[in-house]
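**Student:** My questions concern the predicted model and sequence given below.
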Amino acid sequence: MTTRRDFLKTSAGAGVGAAVGLGSVKPLRGAPAVHRSMVTPVAVASGNGLEAVTTAIRVVNEGGDTLDGVVEGVNIVERDPNDSSVGFGGLPNLDGVVQLDSSLMHGPSRGAGAVACLEGIKTPSRVALDVMRYTDHVLLVGKGAQRFAVSMGHQVEDLLTERSRRRWIEWRARMSDRDDYLTPEESGNRVPPFEDAEDYGTSLLDSHDGVRPLGTINCNIVSRDGDLSGVTTTSGLAWKIPGRVGDSPIVGAGLYVDNDVGACGSTGRGEAVIKTCGSHSVIELMRAGMAPVDACLEALRRVVTFTTEARLRDPEGRPNFNVNYYAVNKNGEYGGAAIWSGARFAVCMDGEARHEDSAYLFERGS
Ligand code: ASP
C-alpha cells in the first residue's frame, strides 16, 4: 500500500517537473508582464489598515515573507479592543457571542487557509495560517476550528469588551418594545448613557441593512520580487444570526490571490460579494489586462446587477449598501473602489503610509 509519505516522496519529484511545465505556460493575453526585481513593494488595505500596511511593508522590506507581513499587519487591528469590527472587541452576534471569520492566501506556494464562526480567539488570521501550514484542509469552522486552534497553542479568551457588550445590551433592548429589556430611555436615569452612542452610526449606506454596523480588515501586498499575499479578517455583521458566515473567510469571495496576477480582498455586504465571487472576479479581470481600479469597478457593477431584491435597493434601484474592493497586481499597480463615494483605503509604498480615496460607481446624495 502506498502511504501518504511515500506519495509525497514521489510527488516531490513530479513537482519539479510540474514546476518546469508551469514555467513554460504562456501568460494569458493581457496578463501583466513582470520583470523581477523591478516592483516597488506596495501594500493596500481597507481604511482601518494604515498601521497594517506599514507593518506589512516593514516585514517584507526586512526580508520577511509577504504572508507573514500582512498577517502581522492585521494582527494589530485584531488585537485592538477599540476596533469593533475585527477580533477582540468585535461586535457580537444576536446571542452576544463574537464569531470571527478570516481567510488568507500565500501567492508563491499557492497556499490557502481559513476559519469561520470561530469563537474565543483574538487573532483568527493566525488560526487560518495554521490551517494552511499544518493541515491538508482549507477551511475549518465553529467548534472544530476552535479545538484546532487550542491544539495549536492559541488561547481561548472572552472577546467581548465592556464597550462591545454594552452596545449589544442596548441593541437587544431596542429589538422590541414588547419584551422585558429596557432601553436607556425606558429605564430613566438608572443606566449611565453610552459614551460612544454616536459612533453607532456607520452611515446607512455602509451598513448591511441600514441599521447594523459592519467592518473588516483586508490587507494585500506585492513584494519586490512580484510575490503576492493577502488576508481578510472580521467579526462580520453585528447582531448576525449565529452561524452566519460572510465573505471574509470564503476563498474567492472576501479574498483571492494568484501569484501570476495579483491579490484582492473586500469589505462591505458579504452576501453580495459571495454571490458574485467578488475577489476572484477582480483577479480574473486583471488577468485579462484590466488595471486594478478598473477591475474593482467592473466587479462592483456585477454586484449592482445581482442586487434584484427591492429591500436592498434605493428608490433609484441602486444597492442601499456598500461593497469595497482593494487590489494590487504583480507590477505593483494598485487600486480601491466602492459602490458608493466617500470610501477610503490605506496604501503603503516606500515606507510611507497614507489614505487614498476609493473610486466609485455612485455619488452619495445623488
Ligand atoms: N464583509 C463582512 C461580512 O459580510 C463585513 C464587513 O466587511 O464589514 O461579514
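**Tutor:** Received the coordinates, thanks.

**Student:** Next, count neighbours for residue 310.
**Tutor:** 7 (other Cβ atoms under 10 Å). C-betas here are computed from N, CA, C, even on glycine.

**Student:** Show the backbone phi and psi for residue 323.
**Tutor:** Here is the backbone geometry of residue 323 (degrees, to the nearest 10): phi -130, psi 140.

**Student:** same thing with residue 264?
**Tutor:** Backbone torsions for residue 264, taken as degrees, to the nearest 10, come to phi -150, psi 150.

**Student:** Could you measure from it over to residue 185?
**Tutor:** 44 Å (Cβ to Cβ, to the nearest Å).

**Student:** and the protein, which of its residues are near the ligand?
**Tutor:** Proximity of the chain to the ligand (Cβ under 6 Å from any ligand atom) is limited to residues 214-216, 234, 236-237, 246-248, 267-270.

**Student:** which residue sits closest to residue 75 in space, ignoring its chain neighbours?
**Tutor:** Nearest residue to residue 75, sequence neighbours excluded (Cβ to Cβ, 6 or more residues apart in numbering): residue 123, at 5.3 Å.

**Student:** Now for the residue in the stretch 251-366 of the chain positioned nearest to the ligand: which residues touch it?
**Tutor:** Of all residues in the stretch 251-366 of the chain, residue 270 sits closest to the ligand, with a separation of 2.3 Å (Cβ to the nearest ligand atom). Contacts for residue 270 (Cβ atoms under 8 Å, 6 or more residues apart in numbering) come out as 236-237, 245-248, 253-254.

**Student:** For the spatially most central residue of the chain, which residues count as its bridge partners?
**Tutor:** Centroid-nearest residue in the chain, with Cα atoms, centre = their mean: residue 232, separated by 2.6 Å. As for beta bridges, residue 232 partners with residue 103, residue 218 under DSSP bridges.

**Student:** Surely it touches residue 100?
**Tutor:** No. Between residue 232 and residue 100 there is no contact under Cβ atoms under 8 Å: 11.3 Å.

**Student:** Mutual contacts of the two, please.
**Tutor:** Joint contacts of residue 232 and residue 100 (Cβ under 8 Å, 6+ apart) do not exist.

**Student:** hmm, back to that, and the residue nearest to the centre of the chain, how far from residue 224?
**Tutor:** 24 Å.
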